[in-house]
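Colleague: model the structure of this input:
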Amino acid sequence: MAIIGALTIKAIVPDIFFSVLRKFDEGDGPWVVGVGVVGFISKYNYSIMCAIFAHILLLQSVLASYNRFLRIMKHKHHSNQAPSSDGFVPMGGDIDSRPADDIRHRFRSHYRPEEKSMSGVSYSSSLDDTTLKNSSEGFQSASPSLDTSQNNQEFSRFDLSEKPKSRRRFSPFRRHRKSRGKVRRAVGIASIALVLAVGSLIGYGYIKARNIFKGNGDGAAALNADVQPAQLNGEGDGRVNILMLGKGGPGETAPDLTDTILLASIDPIANEAALLSVPRDLYVQDPNGASTKINAVYANAKSSAAYQGEESEEAIENAGLRAIKQTVSDVLGVPIHYYVMVNFDAFERAIDSVGGITVDVEEPLYDQTVAWLLGGNPLVADQGLQTFDGERALLYARSRKGSARGDFDRTERQREIIVALQQKVLSLGTFSNPLRVIELLDALGDNVRTDLNGLGEVKRLYEIGQQIGPDKVTSIGLADPPNILVATDFIANQSVVVPVAGLYQYDDIRSYVRNTIRDPFLKRENARVIVLNGTTIPGVAAATEEELKSYGYNVVGVGNAPDQGTYPNTLLLKVSDAETPFTESYIKKRLNLEITALNKEGIPTSETADFVIIVGEDEAQQTVIN
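Modeller: Numbers count the residues shown, from 1 in each chain. Here you go, the predicted model:
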């Protein structure tokens with residue numbers, strides 16, 4: 001019933017106001033207003049409408065029962081009133097003041113019930129004038145005559161079968177008051193219906209949000225408006241890093257292969273962002289030490305958890321997500337604070353829910369393998385500005401057979417779509433409009449999963465995203481010239497992608513990623529660091545310099561410390577008064593050191609540095625071992 005009602009409302013929404021006016025005349029105004037307003041607000045969303053329609057039906061039933069109760073009580077009230085002596089129930093007012101043609105006025109003007117006089121003599125209103133005159137003068141008549149013929153003649157002129165007119169007093173404003181009361185009642189009921197509708201929307205959104213936002217993420221301190229150095233664990237924590245995963249989902253041949261792996265890194269200080277693609281065929285070692293393509297890490301971890309006897313579906317899912325987060329973090333060398341997992345259905349519906357996206361296609365994309373989905377036409381996307389619905393956007397993101405660089409071009413197109421979707425969401429003011437939020441949540445449904453800790457963090461990300469224009473989003477690929485960090489190879493009878501530096505050698509990738517998406521606090525303070533070798537082992541200071549640079553530190557010089565060989569432990573010196581609290585916190589945690597005061601000739605001063613590191617024998621031994 002609710003579904004039928006929702007479909008009916010969708011059909012009448014374009015003419016809703018005319019329908020309401022018409023139904024008001026029929027007495028059904030309140031119900032139509034309530035449902036009509038909700039239908040208009042919900043933007044034809046059937047799922048939301050069904051829930052709200054059930055509330056409206058319940059409200060209508062309660063109100064109908066209440067109205068029947070009022071009618072019964074009103075009837076009892078009138079039935080308990082005592083009738084007058086002539087049988088008419090008094091309705092208030094003087095009946096003799098009614099119009100002369102009113103039957104009750106005419107009846108009472110010619111008829112009086114018998115009454116006893118003080119002398120015990122009965123008389124009627126038909127006594128002649130003489131008798132009344134004599135009585136008033138004190139004379140008594142032994143037997144006054146009663147002329148009943150005149151009474152009979154007068155009384156016989158009335159037809160007692162004539163139907164009495166309305167007992168209520170006539171008022172020219174009665175219709176106006178009745179209509180006005182009807183409108184007031186309609187507005188009141190419509191207001192209640194609207195409150196129920198809004199409550200239904202909020203409740204629906206809350207349930208959807210609870211299903212999507214599991215609230216078990218590691219959290220990102222950088223989301224706080226006022227971040228303190230002690231809140232950040234180390235370099236990279238000044239950003240918000242979100243791992244975006246795309247899988248086939250139910251109905252696909254390999255539903256758990258994460259063929260889309262993107263890192264969305266947000267700088268809340270400079271209001272910038274970066275999208276970095278990880279090739280799905282990158283050959284890695286998973287947390288269990290097994291070698292595999294990175295797109296199979298999630299699926300393999302789930303299978304392993306189930307094989308080891310884990311029965312909880314939630315626990316199995318979490319095992320897969322932990323594995324892929326750890327693996328990607330290890331390859332890229334940055335912390336991952338959150339993940340978002342979507343399947344193909346959620347991808348399509350999310351784009352459709354915002355009315356499609358616009359992408360500037362650099363060159364036509366043809367793919368014969370998907371021509372059957374396009375009516376035999378292999379053209380996936382033509383050159384120039386193109387508007388894609390969800391289905392076409394998915395084909396554009398998945399196709400790799402028609403591109404010169406195969407999967408590398410495909411990951412670049414995926415980044416284009418994410419940027420286009422982000423701009424479309426922001427242009428619509430989605431997260432400032434609760435209805436659009438609920439619409440988007442409904443579109444995602446059970447096809448998305450994330451460990452973002454509730455709508456509060458989503459709202460904060462949205463606020464930051466509003467400040468990030470498309471010109472402030474950096475697109476990063478590990479095989480994009482001039483930074484060619486990975487290449488294709490053939491291992492274990494399969495085509496894979498490996499680091500140019502060698503199998504499982506990720507140092508160059510990590511350094512490139514950390515410096516491309518540099519910690520915003522290190523970047524803002526840009527403190528000067530000089531590294532000095534306090535040992536007699538050559539190259540120790542250079543190794544420390546390379547490590548610090550890979551994390552984004554501004555290392556401005558390397559040299560030998562005065563009195564080499566006299567430093568058993570590494571020292572950290574603060575030689576300037578510059579305000580660099582975040583750099584100081586990071587470097588202390590990196591080296592596991594505290595600030596030391598050292599006055600010695602040959603130590604750099606504030607003119608050339610803010611921090612000086614003197615590498616001692618302890619660090620040298622670690623460097624040699626590694």
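Colleague: name the element residue 245 belongs to?
Modeller: strand 240-247 (DSSP states H and E).
Colleague: what helices or strands is that strand leaning on?
Modeller: strand 258-267, helix 313-332, strand 338-343, helix 344-353 (3 or more Cβ pairs under 8 Å, 6 or more residues apart in numbering; DSSP states H and E). Just so you know, the C-beta spots here come from the backbone N, C-alpha and C atoms, and that holds for glycine as well.
Colleague: can you do 7 Å?
Modeller: The contact analysis (3 or more Cβ pairs under 7 Å, 6 or more residues apart in numbering; DSSP states H and E) places strand 240-247 against strand 258-267, helix 313-332, strand 338-343.
Colleague: what are the contacting residues of the longest one?
Modeller: It stands for helix 313-332. Outside helix 313-332, the residues that touch it by Cβ atoms under 7 Å, 6 or more residues apart in numbering are 243, 245, 258, 261, 263, 278, 284, 286-287, 294, 297-299, 301-302, 305-306, 310, 335-336, 339, 341, 506, 509-510, 513.
Colleague: just send the helices and strands packed on strand 240-247 back as a markdown table, with distance to residue 529 and mean pLDDT too.
Modeller: Compiled in a markdown table, these are given as follows (distance: least, Cβ to Cβ, whole Å; pLDDT from 0 to 100):
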| stretch | distance to residue 529 | mean pLDDT |
| --- | --- | --- |
| strand 258-267 | 21 | 93 |
| helix 313-332 | 23 | 94 |
| strand 338-343 | 31 | 89 |
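Colleague: looking at those, which is closest to residue 356?
Modeller: The closest of the helices and strands packed on strand 240-247 to residue 356 is strand 338-343. By Cβ to Cβ, the value is 17.3 Å.
Colleague: span of stretch 566-584 from start to end?
Modeller: Distance between the two ends of stretch 566-584: 25 Å, counting by Cα to Cα, to the nearest Å.
Colleague: what about residue 564, neighbour count?
Modeller: Residue 564: 14 surrounding residues under other Cβ atoms under 10 Å.
Colleague: ditto for residue 307
Modeller: For residue 307, using other Cβ under 10 Å, the count is 8.
Colleague: and what of residue 414?
Modeller: Residue 414 - counted by other Cβ under 10 Å - has 23 other residues nearby.
Colleague: quick check: buried residues in the strand or helix carrying it?
Modeller: Assigned by DSSP H and E, residue 414 belongs to helix 407-427. Neighbour-count burial for helix 407-427, with 16 or more other Cβ atoms under 10 Å as criterion, is recorded at 407-426.
Colleague: report all helices and strands that that helix contacts.
Modeller: strand 258-267, strand 272-277, strand 357-361, helix 390-398, strand 473-477.
Colleague: and these as CSV, adding distance to residue 534 and mean neighbour count?
Modeller: Shown next, in CSV, are these (distance: least, Cβ to Cβ, whole Å; neighbours: other Cβ atoms under 10 Å):
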stretch, distance to residue 534, mean neighbour count
strand 258-267, 36, 23
strand 272-277, 37, 23
strand 357-361, 55, 17
helix 390-398, 53, 20
strand 473-477, 37, 18
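Colleague: so can I have a markdown table of these showing distance to residue 605?
Modeller: Shown next, in a markdown table, are the helices and strands packed on helix 407-427 (distance: least, Cβ to Cβ, whole Å):
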| stretch | distance to residue 605 |
| --- | --- |
| strand 258-267 | 32 |
| strand 272-277 | 34 |
| strand 357-361 | 52 |
| helix 390-398 | 55 |
| strand 473-477 | 37 |
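Colleague: the ones you listed: which one's closest to residue 491?
Modeller: strand 258-267 (18.9 Å).
Colleague: which of the residues in stretch 596-615 are buried?
Modeller: Buried positions in stretch 596-615, judged by neighbour count with 16+ other Cβ under 10 Å: 603, 604, 609, 610, 611, 612, 613, 614, 615.
Colleague: what about the closest residue to residue 619 other than its chain neighbours, how many neighbours?
Modeller: Nearest residue to residue 619, sequence neighbours excluded (Cβ to Cβ, 6 or more residues apart in numbering): residue 570, at 4.5 Å. Residue 570: 22 surrounding residues under other Cβ under 10 Å.
Colleague: what of residue 529?
Modeller: Neighbours of residue 529 (other Cβ under 10 Å): 22.
Colleague: that one contacts residue 554, correct?
Modeller: Yes. Applying Cβ atoms under 7 Å as the test, residue 529 and residue 554 come out as touching, 6.2 Å apart.
Colleague: please pull out the lowest mean pLDDT helix or strand from the protein.
Modeller: Least confident element among the helices and strands of the chain, by mean pLDDT, DSSP states H and E: helix 2-12 (a mean of 35).
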